[in-house]
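*Asks:* Give the three-dimensional model of this entry:
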Amino acid sequence: MPIEQKYKAKHWEWIDVTAPTEEDLQFLHQRYHINQLLLEDTIDPNHLPKFEEVGDVKFFLTREATDLERRTLNNISDISSKLGIFLLPNLIITTHRTKSKSIQEMCAELDKEDIDLVHRDDLALRLALKIMKSFDDESSSLLELLDVMENEIFLKNTNDSVQIRRLYKLKRKSGLNTRILNISGEWISKFKTLDLEDVQVMDLIDKQKDVIADFDHLNAQTTNMISMFLALSDQKANQVMKLLAIYSVYFLPITFIAGIYGMNFDVMPELHHKYGYYIILGVMATIVFLTFLFMRRKRW
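*Replies:* So this is what the prediction gives:
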């Protein structure tokens, strides 16, 4: 059932709505007098995080990181999902299109606590912290992946075109997560309007700053890794060209000699000599040996 009563305490009630339909939104509008436009924002998959207050309703539209693998990374819905939090007098309503890891973790904690001792605004704050934790977990996972790729590139000496695509995907994820976190500053700052201590809200703000710093570091590391990978690829290409150039230097003189004696003239030096073939081979070998000595002395 999409509309579910999660918990009911003495002074508040928590209602959770999963994958809301138009009928569900209409029910919430009629039952709790929530503005229809706010409810419609919860079903827009690409809506940006925000905060709005209409009458007695405070609406936090947040986004939490997801571990879904998408082929394309074009917008924020490819790496995150919405989690709407409506705060009404003695009531909290959460809405989300897919299963929310933050809500699951929150419910697991509340099952071990006396919910009558939990304040509604404190519950909202703890949900917000878990949303930030989802991005923290994502940054840690991406940093571990970057370390693995670095070992593959520099220690295992791999030079696969797949690596550059993986690095580009990592950079796209990092950039999109940073964008979400920066925009989330609006709804995070509005927790100051709730019945919470300043130190509690500062914990949330500090958590956001820490995660943003982690993704900025990840983005910089990924950019450097892409540059080093391309430089390494260019170096290997230069080594191949150097090897081909060395072979060209060796074979150019003897190819020239072979070309001359391949011309169809009746009168040519050593053409009919008994040992002419061996003499020419000896000259070619001598030229190759002298070329080798010259290049070694020049340390080429």
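*Asks:* Which strand or helix spans the most centrally placed residue in the chain?
*Replies:* The centre of the chain sits closest to residue 173, judged by Cα atoms, centre = their mean, with a distance of 2.7 Å. Residue 173 belongs to helix 161-183 when assigned by DSSP states H and E.
*Asks:* any weak-confidence spans in the protein?
*Replies:* Residues of the chain that meet the criterion pLDDT under 70 lie in 1, 69-71, 156-161, 265, 270-271, 300.
*Asks:* ok, 50 please
*Replies:* Within the chain, no stretch has pLDDT under 50.
*Asks:* Where do the helices of it begin and end?
*Replies:* 22-32, 36-41, 101-110, 120-154, 161-183, 185-189, 198-260, 276-297 (DSSP state H).
*Asks:* TSV for the ones you listed, including distance to residue 75?
*Replies:* (Each C-beta comes from the backbone N, C-alpha and C, glycine too.) TSV is the format used below for the helices of the chain (distance: least, Cβ to Cβ, whole Å):
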stretch	distance to residue 75
helix 22-32	23
helix 36-41	16
helix 101-110	21
helix 120-154	16
helix 161-183	8
helix 185-189	19
helix 198-260	17
helix 276-297	56
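*Asks:* Which of those helices sits closest to residue 16?
*Replies:* helix 101-110 (6.5 Å; Cβ to Cβ).
*Asks:* For residue 87, see how far away residue 191 is.
*Replies:* The gap separating residue 191 from residue 87 is 10 Å, by Cβ to Cβ, to the nearest Å.
*Asks:* hang on, the earlier thing: surely the residue nearest to the centre of the chain is in contact with residue 76?
*Replies:* No: Residue 173 is not in contact with residue 76 according to Cβ atoms under 8 Å; the separation is 10.9 Å.
*Asks:* Give me the common contacts of these two.
*Replies:* Residues touching both residue 173 and residue 76 by Cβ atoms under 8 Å, 6 or more residues apart in numbering: none at all.
*Asks:* ok, how many other residues are close to residue 65?
*Replies:* 26 (other Cβ atoms under 10 Å).
*Asks:* so it bridges to which residues?
*Replies:* residue 80 (DSSP bridges).
*Asks:* Does it touch residue 176 like I think?
*Replies:* No: Residue 65 is not in contact with residue 176 according to Cβ under 8 Å; the separation is 9.9 Å.
*Asks:* Now do the shared contacts for those two.
*Replies:* Here residue 65 and residue 176 have 79-80 as joint contacts, going by Cβ under 8 Å, 6+ apart.
*Asks:* can you tell me which residues contact residue 136?
*Replies:* By Cβ under 8 Å, 6+ apart, residue 136 lies in contact with 207, 210-211, 214.
*Asks:* Name the member of those that has the highest neighbour count.
*Replies:* residue 211 (23 neighbours).
*Asks:* Quickly note the distance from it to residue 101.
*Replies:* 16 Å.
*Asks:* now do residue 283
*Replies:* Residue 283 is 78 Å from residue 101, where distance means Cβ to Cβ.
*Asks:* neighbour count winner among those two?
*Replies:* Counted by other Cβ under 10 Å, residue 283 and residue 101 do not tie: residue 101 has more neighbours, with 19 against 14.
*Asks:* Excluding chain neighbours, what is closest to the more buried one?
*Replies:* Nearest residue to residue 101, sequence neighbours excluded (Cβ to Cβ, 6 or more residues apart in numbering): residue 134, at 6.2 Å.
*Asks:* The one you found: how many residues sit nearby?
*Replies:* Residue 134, neighbours per other Cβ under 10 Å, totals 21.
*Asks:* again, but for residue 168
*Replies:* So residue 168, with other Cβ under 10 Å, has 13 neighbours.
*Asks:* Could you double-check that it sits in contact with residue 226?
*Replies:* Yes: look at residue 168 against residue 226 with Cβ under 8 Å: they come within range, at 7.3 Å.
*Asks:* nearest residue to residue 184 other than its sequence neighbours?
*Replies:* Per Cβ to Cβ, 6+ apart, closest to residue 184 is residue 49, 4.6 Å.
*Asks:* residues in contact with the one you found?
*Replies:* So residue 49 contacts 61-63, 180, 183-184, 186-187 (Cβ under 8 Å, 6+ apart).
*Asks:* which of those residues lies closest to residue 220?
*Replies:* residue 180 (18.1 Å).
*Asks:* For residue 206, see how far away that closest one is.
*Replies:* Going from residue 180 to residue 206 by Cβ to Cβ gives 18 Å.
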